[in-house]
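Peer 1: quick one, structure for this:
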Amino acid sequence: MNTVYIVVPCYNEEEVLPESSAVLLGVLRGLIQKGKISGESRLLFVDDGSADRTWHIIETLCGTRPEICGVRLGCNRGHQNAVMAGMLTAVKYADAVVTIDADLQDDPNAIEEMVDQFNRGTPIVCGVRKSRASDSFFKRVTARGFYLLVRLRGAKVIYDHADFRLMSREAVRRLSCFGTEDLFLRGLVTRLDLPIGKVRYDRSPRMAGESKYTMKKMLHLAKRGFESGKMEMTEPPKIGKLYIETEILQ
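Peer 2: The predicted model follows:
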């Protein structure tokens, strides 16, 4: 059986972590019990320099749940860097990595279908929203415009796919050939010359707390999206600084 790590980037998520960790732990244990992944599979929480009790909660979870481990970045590096640091840590031990945000707006139950596709040989499986019916008109229009602009600039993004996906160890290795810092990941996973599967799911409201994406962060992400279509791969992979301060791995 394959070992799968579920990587969860966290920034000031003390309000959602107790509940979301329980939900994800249930998903992980269910997959292990069904024999779809190995008993060495883990949840890996990445604290992206949080200013609240996020790291304290992760430490507590690591001490009481053997399936949970954690990584703490020395400062806030941003969502995409936290995701990359988590993936590069996880693939030292895992055959595949699933990334999902701590707010669980992406459906954790879709992870099972991702794993099923991976076990059948698909190296990348992207979670794709079924619709944006729950979004405001303004958000739907701006999201559509963002994806169209990014595509016009040469990035082959999948519409309504963000950073909920499964990637094999080889896929992560190829992704790291673009570097490891300040990447627009959804604009690069389509450039790895590997088959891509899709899982469609309904997106839910946040469990608690507020979105951490400020307008400034969204504009910066858009800028990186425009640039992602022109980025060059290097061989061997360009492993930059990951800013990992603390690791609790089991």
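
Peer 1: just the pLDDT for the residue nearest the centre of the chain.
Peer 2: In the chain, the C-alpha closest to the average C-alpha coordinate belongs to residue 99, at a distance of 2.7 Å (C-alpha atoms, centre = their mean). Among the per-residue scores, residue 99 holds a pLDDT of 98.

Peer 1: wouldn't it be in contact with residue 86 here?
Peer 2: Yes: under the criterion of C-beta atoms under 8 Å, residue 99 makes contact with residue 86 at 7.1 Å. Heads up, the C-betas are built off the backbone N, CA and C, glycines and all.

Peer 1: so what sits against both of those two?
Peer 2: 7-9 (C-beta atoms under 8 Å, 6 or more residues apart in numbering).

Peer 1: where do the strands sit along the chain?
Peer 2: 4-10, 42-47, 68-73, 96-99, 124-129, 165-168, 196-201, 244-248 (DSSP state E).

Peer 1: show the average pLDDT along the first one.
Peer 2: Per-residue confidence for strand 4-10 averages out to 98 on the pLDDT scale.

Peer 1: tell me how far that strand is from the chain's mean position?
Peer 2: 7 Å (C-alpha atoms, centre = their mean, to the nearest Å).

Peer 1: which elements pack onto that strand?
Peer 2: Here strand 4-10 touches helix 17-33, strand 42-47, helix 79-90, strand 96-99, helix 110-119, going by 3 or more C-beta pairs under 8 Å, 6 or more residues apart in numbering; DSSP states H and E.

Peer 1: change it to 10 Å
Peer 2: Counting contacts by 3 or more C-beta pairs under 10 Å, 6 or more residues apart in numbering; DSSP states H and E, strand 4-10 is packed against helix 17-33, strand 42-47, helix 54-64, strand 68-73, helix 79-90, strand 96-99, helix 110-119, strand 165-168.

Peer 1: tell me which of the ones you listed sits nearest to residue 156.
Peer 2: Set against residue 156 and scored by C-beta to C-beta, the helices and strands packed on strand 4-10 come closest in strand 165-168, at 14.5 Å.

Peer 1: mean confidence score for the closest one?
Peer 2: 98.

Peer 1: partners of it in the sheet?
Peer 2: strand 96-99 (antiparallel), strand 124-129 (antiparallel) (DSSP bridges).

Peer 1: now the strands of the chain in JSON lines, with distance to residue 235?
Peer 2: Below are the strands of the chain laid out as JSON lines (distance: least, C-beta to C-beta, whole Å):
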{"stretch": "strand 4-10", "distance to residue 235": "24"}
{"stretch": "strand 42-47", "distance to residue 235": "26"}
{"stretch": "strand 68-73", "distance to residue 235": "26"}
{"stretch": "strand 96-99", "distance to residue 235": "21"}
{"stretch": "strand 124-129", "distance to residue 235": "19"}
{"stretch": "strand 165-168", "distance to residue 235": "18"}
{"stretch": "strand 196-201", "distance to residue 235": "21"}
{"stretch": "strand 244-248", "distance to residue 235": "24"}
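
Peer 1: so which of these gets nearest residue 60?
Peer 2: If you check each of the strands of the chain against residue 60 by C-beta to C-beta, strand 68-73 wins as the nearest, at 9.6 Å.

Peer 1: what packs against that closest one?
Peer 2: Using 3+ C-beta pairs under 10 Å, 6+ apart: strand 68-73 touches strand 4-10, helix 17-33, strand 42-47, helix 54-64, helix 79-90, strand 244-248.

Peer 1: right, I'll leave it there.
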